[in-house]
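J.: Here is my input; please provide its structure:
(chains A and B)
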Amino acid sequence: MKLLTLNFLTCAIKTCKSSPLSFPLHPREVELEILETDYNAVFLRNILPRLEWEALRVLAGELGLPSLPESSPDVSSLSTSSEEDDSETPTQVAQDLHRLLLETCIKEGKLVCGCCGHEYAVKEGVANFLLPGHLV
Amino acid sequence: MSRPEDILPPDLFYNDTESRKYTTSSRIQTIQSSMTHRALSLLSLTSPSLILDIGCGSGLSGEILSASASEGTPGGPHVWIGFDISSSMLGIALEKEVEGDLFLADAGQGVPFRAGTFDAAISISAIQWLCNAETSEESPAGRLSRFFNGLYASLRRGGRAVCQFYPKNDVQKKMISAAAIKAGFGAGLLEDDEGTKNAKTYLVLTVGGGDVRGDITSVVAGMEGVDVEDHRRGVPRKRGEERKGGKQWIMRKKEQMERKGKVVKTNSKYTGRKRRIAF
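T.: The predicted structure is shown next:
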């Protein structure tokens, strides 16, 4: 599961919906892996304003990844356009973001809700969000 | 024709053998890919987006979503997140190494994403399963409403969702679209090859605000060979309800007065009519 997805995921339990603690979910005992994907500049520009930067910083801290800057990078800082051939080359910031959000994946581990403490197991990159009937 | 929904719940029906049969059948592959392309054309995405795939199964539709624009996916390659209730199906998706993120989850238990996550949502041949409740604790209506409420919240303003499904009958079709409307969506049903054996029903949903102008019918504006039938009514008018000052009201009042013993003018065809201005 990509770290990008984790930035959008909340606890599935109904009573947690109203609590601010249900987002983000906290990874526990995780095993990370890198799955290379093509760099997609337009997508990154599209998704950047929708990210919860604070949650991403917390996540990077919990996973022991290099710490992120205080505030979200500006959309304009993602690429530098060269005037000769009208092409855009991604900056280091954009490449790091792509690496972090779209290539770093959680392979095994658990996701824990900060509100109710429910643990969602992740196996082979697939998270189990099936709930027993009484929690729906 | 047998319906898998009537045989077993989805997580049991799509076991290892059934999932493999489903994924390797070239007939199903062709149908699924043509339906995914149709759904994508209804979503009319122009740039790479974040898409939710409900009931992604073995990733037949997901493979099309991750394809690039040159391979026939408008606005692609998209990033998608899919969920399905059948672990066997997801197992096959893992074997195929699909690009999207997979979840084992039941759509009838809601959509566990924060508000405004997705640009669009797609669902191919899945939501008819929501009309079945497997335990006495849940009901089809409850499952549908939890699903549509969750979906509505997780889409961004101006987002769209297209759900292709196989309704068992008209009642089910109405139940699903009513649940979507109740959740706040603008909803419309698009039917391809209506009345034939291979009829396909698409539930097109829009979230207000953003760039969708006008109502739901503008989604199909500019598409060829689509007839719009609008079954919405303006203000629902109740039949047989009297208006104060109307003929029925006057007649009732006259009867009342007559019963009290008052002198009342006889009724005629002119009773309750307006005088002409010329008088």
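J.: Hmm, residue B:73 is touching residue B:65, no?
T.: Yes - the criterion here is C-beta atoms under 8 Å, and residue B:73 meets it with residue B:65 at 6.7 Å. In short, each C-beta sits where N, CA and C put it, glycine included.
J.: Pull up the overlap in contacts between those two.
T.: Overlap of the contact sets of residue B:73 and residue B:65 (by C-beta atoms under 8 Å, 6 or more residues apart in numbering or on different chains) consists of residue B:40.
J.: higher neighbour count, these two?
T.: Taking other C-beta atoms under 10 Å in any protein chain shown, residue B:73 and residue B:65 do not tie; residue B:65 has more neighbours (28 against 20).
J.: got the contact list for the more buried one?
T.: Counted by C-beta under 8 Å, 6+ apart, residue B:65 has contacts B:36, B:40, B:51, B:53, B:73, B:76-78, B:80, B:100, B:122.
J.: and with 7 Å instead?
T.: B:51, B:53, B:73, B:78, B:80 (C-beta atoms under 7 Å, 6 or more residues apart in numbering or on different chains).
J.: same question for the longest helix belonging to chain A, mean pLDDT?
T.: In chain A, with assignment by DSSP state H, the single longest helix is helix A:53-63. Here helix A:53-63 scores 89 as its mean pLDDT.
J.: That one - contacts with which helices or strands?
T.: strand A:26-34 (3 or more C-beta pairs under 7 Å, 6 or more residues apart in numbering or on different chains; DSSP states H and E).
J.: buried ones in the strand it packs on?
T.: Going by neighbour count (16 or more other C-beta atoms under 10 Å in any protein chain shown), the buried part of strand A:26-34 is A:26-27, A:30.
J.: could the residues you listed be laid out in JSON lines, adding pLDDT?
T.: Formatted as JSON lines, the buried residues of strand A:26-34 follow (pLDDT from 0 to 100):
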{"residue": "A:26", "pLDDT": "91"}
{"residue": "A:27", "pLDDT": "91"}
{"residue": "A:30", "pLDDT": "89"}
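J.: Spell out which parts of the stretch 51-200 of chain B neighbour chain A.
T.: B:77, B:79, B:81, B:90, B:94, B:99, B:101-106, B:109-110, B:112-114, B:116-117, B:135, B:137 (C-beta under 7 Å from any C-beta of the partner chain).
J.: Just these: which are in strands?
T.: The strands, defined by DSSP state E, take in B:79, B:81, B:101-104 from those.
J.: and residue A:112, what pLDDT?
T.: 91.
J.: actually residue B:95, sorry about that
T.: 91.
J.: Quickly note the distance from it to residue A:18.
T.: Going from residue B:95 to residue A:18 by C-beta to C-beta, to the nearest Å gives 39 Å.
J.: Before I go, just wanted to say thanks for your time.
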